[in-house]
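>>> got a sequence here, can you model it:
(2 chains)
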Amino acid sequence: MLRLPELEVIIATSLTEALTRLAAGPAARPILGGTDLVANLKTGHTKAQTLVAIGQLPELQGVDASGDVVRIGAAVHQAELARDPDILELFPALAYAVGRIASPQIRNAGTLGGNLCLDTRCRFINQSDLWREALGGCLKSHGKECHVIPGGGGCVAALSADSVPILMVLGAEAEIARVQDGALVTRRTPIADLYDSDGRRHVRIADGELLVAVHVPKLPHGARAVYRKWAVRQSIDFPLVSVAVRLDLDDAGKLKQGKVAIGVLGPRPRLLALDRWAGRTLDEDLAKQVAQYVFDRSHPLPNVLYDHEYRRERLRVEVLRALRTWYAPAAVGGAGR
Amino acid sequence: MTRPLSDNPTARDLHRITVDHSPVDETPVVGSRHGRVDALDLLTGVGKYADDLVLPRMLHCKILRSPHAHARILHIDTSAAESMQGVHAVITGADLPVRYGVIPWTQDEYPLALDKVRYVGDAVAAVAASSEDVARAALARIAVNYEVLPALADPREALARSDVKIHEDNKHGNISKQVTLAFGDVDAALAQAELVIEGDYLFHGSTHGAIEPHCAIGHVDGHGLLTVWSATQVPHYLHRELGRVLDRPSHSIRVIQPPVGGAFGGKSEPFDLEFCVAKLAELTGRPVKCLYTREEVFLAHRGRHPFQMHYKTGFDRDGHILAVDGKSLLDGGAYSSFGLVTTYYSGQLLGSPYTFPAFRFDSTRVYTNKPCCGPKRGHGSVQPRFAIEVQLDKAAVALGLDPIELRRRNFIGENTQTIGGFHVGSSGFLQCLDEVERASGWRQRRGKLPKGRGLGIAGSTYISGTNYCIYPTELPQSAVQICLDRSGRVRVFVGTSEIGQGSNTVVATLAADELGVELEDMRVLAADSDLTPVDLGAYSSRGTLMAGNACLAATRELAAKLREVIASTWDCPAGDVGLAHRKAYRLSDPSVWMPIQEAFILAESKLGTLGAVGSYKTPTANVHGDYRGGTIGASPAYSFTAHVAEVEVDEETGDVTVLQIWCAHDCGLALSPTLVEGQIEGSTYMGAAEALMEHHRVLPSGLRTDGQKRDTGPGVEGLLAASSLLDYRMPTSMDVPELTALIVERPDPRGPRGAKEAGEGPLHSSIPAIANAVYDAVGVRIDDLPIAPEKILAALKRKASPSGEVR
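Predicted coordinates for the structure are as follows:
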C-alpha cells in the first residue's frame, strides 16, 4: 500500500505556537482532517517535513450565529456543518454544498477550513510517482511542461472545493491570523479574493498565516442562494461542475442583484455579477440568457478527468436549473438546492 | 440410491433424489435459505486474507516498474540498492529467465522483464527488505538504462505497423491471435435476407475492481518446501507455473489460497509478485511478502478487452435470424494472458440461445503497449453479446415486432446443438423471458411510459465450466476427499477457490443433504495443495458443476456405506434408510430412527474410519464441434439469462438513470438461493456499471470509432487515465438501480442435482438491455460504450437536425 513519508507532527496547543511553527516555510504545513493532505503526501506530489496539527485550537471551533454575521470555525467538520441547525436555517445551500463533499466518512474527518484550502487537482498531478515519472512531470511536479495547455506557462490545476462557490456568492470572508511583532493579528479577506491563478499555490495565505474562521453575513430579505454540483457519482467524487447562484429579489419579485460563482475551471473560481438584468423578472427566457452569459465566460479545461466540452455544456444546464428553483422549482431535474 | 433422471427433470424431481417422501423434516438443505458457511469468520476478522498473514522474520517486497510503454533494457545497476541497510536481496529478469503464461501455447511473459518492457508498469526488478519503506527507498536506487522504442497504443496502428514489433519472435506482426470460423453459407443467407442489420459497436475496456489487492507470501522451510500463500483464484495453475519458472519439482511446492476478497477473473493466472516472493524467499531464507498498491492492481489488469466490432445480421420478415457475420478487433495489451481463449470465445459463445442458421466470425487480437487484458466476469462473450442483442433490438424496430417476441421466435431449444456443434442440454431461456416480461410489466407499460423513460430487453447464455482444461490432460478437473467424524461432523477437502462466490457453501449444501447433517456440521477445507486434491480453480463458472459433481460422487459412496450398516442393524433394505437433518430413519416407518452421530459411530465401528473420494471429468463425446477450435467454449451445461432495464434519460443533460433492472437467470437448480441472488445482483450491477460508467482507459484513448481528437498532449502514450478507485469510477451504493433477481430453475442432467452456473451469466445482457432501453426512451442508439451523457447529447442533436448531421 501507499505509505506516508517520515514526518514530524506537532500538536499545536495555542494559535501563537501554531503560527510560529508555520512561519518556518512550506516545509511545515497545517493539518486538520488531513483528508486531502495525507493522500497527497502519500502519492508524493506534496512534500512536507512537519505537520502542525491545529484541530484542537479554540479559535478554530464552533458555529456562532448570534450576530449579523455567522462565524464558522475552520476546524468545524463538514458533517457537523451540513447538519448544523443554524446553517440549515440561514444558509441551506451551504449545508447542502458541504454535505456533498466526498463521502460521509470523509466529511466526518474533513473540515470547512480544509475544504477551502483543498489543493488544486489535475489529472496529471493526482497520480502516483511512477505515473508522474512516466509523464515526465508537469509544472506542478518536477517537470517543465503543462499537459493541460501544451506550451502554457502557468499551472491550471482546478480548484475543486465544493464550499468555495457558495461562500463566494454569500459574500463570506476568511479570517486569517498571523503573529506580528510578537502579537496575534488577524485580517479579513473576501473568499472571492482568496484565490490566485497559480495552481501550484492558489490560496493566498502566506507562510506563517492560518485560516482561522469564515464569516458569512446573514442574507437580507429577498435573497437566496443555490449550489449545484455535477459529478459522475452521487458520492465520493470531486465536482466536475460546481456552480453557485445567488439572487436578491425585491418584493415584486424583480431582480435587484445576482451573482454566479463557478469552480473547477482553473485554480481560481470565477465570480460573475448579474446586475445587467436588474429590474427584470426571472423567467425561462431570462434564465437561458443568464446561462448563456455564464457559458460564454467559462472555459472548463481538460485538467480534471472528464470531457471539458461537455462540462461546459453541463455548466450551462446547471445554471439554468439553479435559476429554475426560483420560478419553476418542480421542473428542476437532478439534485441541487 | 440415485434415480435415473428423466429427459426433462423438474426441480422438484431432483429435490426428491435423496430425501424421498420422508415424513421427518424433509426440507433439503439444498435450495433452503442459508448464508455462507464462512461468512461469520470473515465478518468477525477471524478469517485471514493473504495480507493478514505475518510470519516470523518476514521481509517485504516491492517491485520496480517501467515508466516507459515500450523500451529495451540496456543495463540495470542494482548495486546501490543492494548496499542499503535493511535490503536483503534484489532480483532482476536474469534471475528468473523463464517465460510463463496461463495458456501453455502462448507463454510470453517473464516474472521480471528480461530484455524489453512492453507497458508502463511492466516489472523490472524486485527488492526484499526489512520493511516496505526500505524496499521502496531501494527501488529508487536501482538504475535502469532504457532505449525507448515507439509505443503502440491503438490496436489498428499495432495491426498496421510492421516496423514496430512488441514481441520480436511473434509470427505475425503484432497479431496475438486470429480466428476465423464459418458455419453455413453466410453470404448467401445475407443476400437472401429480407432485412440486414449492419453496425459498428465499440466495447470499451473495464477492470475487475476487486477490493482486495493482489498479495502473496513466499517461504522456504528447513525441508526445502516452498510455500506460497496467494490471493489467487487458480492455485493449481500457480502451482504448475511456480514449478516451471523456479525449476522445482511439484512436490517441493505448496500453494495455499487464503480467503480472497474478490477476484472476478482478475486473479486467474500467475502474476509477477508470486514468482518474486518465491525467488526472494529462496535467496534470503526468510518469508517474503508482496502486496500490490491499488495502482499496481490497475496495471496488472487482465480486464475486459476493448472490442471494436462490425456485425451484420440477416433476418426474414418474421424476424427469424438467417445469418450472423461478425468481425472483431480485440485490443490485447502487452501480453497474451487468456487471449487465445478470448479470441475464440468472441464467436464460439454466441451459438445460443438463438438459432443461427449460418454464422461466421473473424476475430483478431493484437498486442499493444498497454496493461494486459484478460478474463473478466463473462470472459470473451460480454462484448459480442452487446452487439448481437442491440442488433436484435434494431431488427425488432425495423420489423415492427416486440423485441421479446423476436427473441422467442429465435430460441434454439433444449437438448440441441449450436451451429458450432456445442451440445445444449437444459435451457430455461423462454422462462427467463417470461419472468422479466411479467415482473417488469412489459406488456402493460412499454410504449406508455412518460417522456424520457424506456424499457429494454436482452438475453444471453454462459458456460458452466469448459469441457477441457487449459493444458492437455486426462486427469479429473475437480476432486474432493470427504471424511465422517465420530462427533457427527463431516469434513470436505476440496481444491476449489473460494473467492467470495460461495464455492465452499455450495459443496457443503450438497454434502449435507447426502449425509443427513446440517450445514453447521460441515467443515470445508479448500485450496491447499498439500491437503486438498486438485481443482483447476475459480474461472469460467466451473465450480458448482465440477466440484459439486465430485462432491456428490464421494458423498453418495459414503452415504451408501452408512445405509448398509444401518440397514443391517435394523434388518431392512438399505433403500429404506433415509438420512436427513441429523437423523438416520426408516423411510417406511420414520418412528424408527437414530441420531446421525450414532449412525456415524456405528458405521465407523463396523467399517473403520469413514472416508471417500470423488472426482469429476467433463463429458467429451458429442458435446463440441469437430474442427480446430471446436472444443473451446464447449461446456457440460449452459446457463441462460434475460434482463429488462427501465431507464430515464434527461434530454437536457444527457444523464441516463437506470431506475430498475429485472434479471431472470436459469441456474438449473439454486443450491443456495441467496447466493444465486447475490450473483445475479453483483453481475447485473457490474454490467450496469460497464454500460454507463466504468472505463479502463489508456491515454490516448485508443479504440474509437469516430476518429476523434487526441485528448492529451505528447509524452503520455500508454498511461492509464485512471489508476485509483477515485478516478476509475465504479458506482457507489448511491448510483445503482433497484434490482429484482428472479431465479429460474431448469435442471440439467449434467449438473449436480441439476445445478448450473450463476456467477457470470447474469452480467451479459444487463448491458444491451440498458442500451436498448435508452433507445426506447429517447430514440437514439449509443453503440459505443460507455453510454456517457455527452454521447447522448450528441446523438440527440444529430437526431434533431434534419440532415442527421451534427450542426
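>>> before we move on, which element is residue B:640 in?
Assigned by DSSP states H and E, residue B:640 falls within strand B:638-649.
>>> tell me the spacing between residue B:299 and chain A.
9 Å (Cβ to the nearest Cβ, to the nearest Å). Yep, even glycine has a C-beta here, placed from its N, CA and C like the rest.
>>> surely that residue meets residue B:371?
Yes: judged on Cβ atoms under 8 Å, residue B:299 makes contact with residue B:371 at a distance of 5.3 Å.
>>> give me the common contacts of these two.
In terms of Cβ atoms under 8 Å, 6 or more residues apart in numbering or on different chains, residue B:299 and residue B:371 are both contacted by the residues B:119, B:121, B:720.
>>> taking those one by one, which sit in strands?
Here DSSP state E is the test, and these give residue B:720 as lying in strands.
>>> check the shared contacts of residue B:299 and residue B:371 against chain A, which are close?
B:121, B:720 (Cβ under 8 Å from any Cβ of the partner chain).
>>> can you list the shared contacts of residue B:299 and residue B:371 in TSV and add distance to residue B:632, pLDDT and neighbour count?
Formatted as TSV, these follow (distance: Cβ to Cβ, whole Å; pLDDT from 0 to 100; neighbours: other Cβ atoms under 10 Å in any protein chain shown):
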residue	distance to residue B:632	pLDDT	neighbour count
B:119	26	96	29
B:121	29	97	29
B:720	30	93	26
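>>> outside of the host helix or strand of residue B:491, which residues touch it?
Following DSSP H and E, one finds residue B:491 within strand B:490-494. With contact meaning Cβ under 8 Å, 6+ apart, strand B:490-494 is reached by B:478-485, B:503-504, B:507-508, B:511-512, B:515, B:517, B:521-527, B:531-533, B:535, B:547, B:550-551.
>>> which of those residues count as buried?
B:478-485, B:503-504, B:507-508, B:511-512, B:515, B:517, B:521-522, B:524, B:526-527, B:532-533, B:535, B:547, B:550-551 (16 or more other Cβ atoms under 10 Å in any protein chain shown).
>>> relative to the helix or strand harbouring residue B:125, what are the paired strands and their orientations?
Element membership for residue B:125 (DSSP H and E) is strand B:123-129. Here strand B:123-129 has these sheet partners by DSSP bridges: strand B:59-65 (antiparallel), strand B:87-92 (antiparallel).
>>> quick check on the residue of the stretch 151-300 of chain A at minimum distance from chain B: phi, psi?
Closest to chain B within the stretch 151-300 of chain A is residue A:234: 3.6 Å, counting by Cβ to the nearest Cβ. As for residue A:234, its main-chain torsions (degrees, to the nearest 10) stand at phi -80, psi -10.
>>> ok, so what distance separates it from residue B:735?
Applying Cβ to Cβ, to the nearest Å, the value for residue A:234 to residue B:735 is 5 Å.
>>> who has more neighbours out of the two?
Taking neighbours as other Cβ atoms under 10 Å in any protein chain shown, residue A:234 and residue B:735 compare with residue B:735 leading, 20 against 14.
>>> right, and the more buried one touches residue B:693 too?
Yes: Residue B:735 lies in contact with residue B:693 (Cβ under 8 Å); the separation is 7.4 Å.
>>> list residues touching both of those two?
Contacts common to residue B:735 and residue B:693, judged by Cβ under 8 Å, 6+ apart, are residue A:233.
>>> let's have the strands paired with strand B:123-129 in CSV, adding distance to residue B:570, mean pLDDT and mean neighbour count.
What follows is those, written out as CSV (distance: least, Cβ to Cβ, whole Å; pLDDT from 0 to 100; neighbours: other Cβ atoms under 10 Å in any protein chain shown):
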stretch, distance to residue B:570, mean pLDDT, mean neighbour count
strand B:59-65, 61, 98, 25
strand B:87-92, 66, 98, 22
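>>> enumerate the residues of the stretch 201-350 of chain B near chain A.
For the stretch 201-350 of chain B, the residues in contact with chain A (Cβ under 8 Å from any Cβ) are B:213, B:291, B:293, B:294, B:295.
>>> can you tell me which of these lies nearest to residue B:73?
Nearest to residue B:73 among these is residue B:295, at 21.4 Å by Cβ to Cβ.
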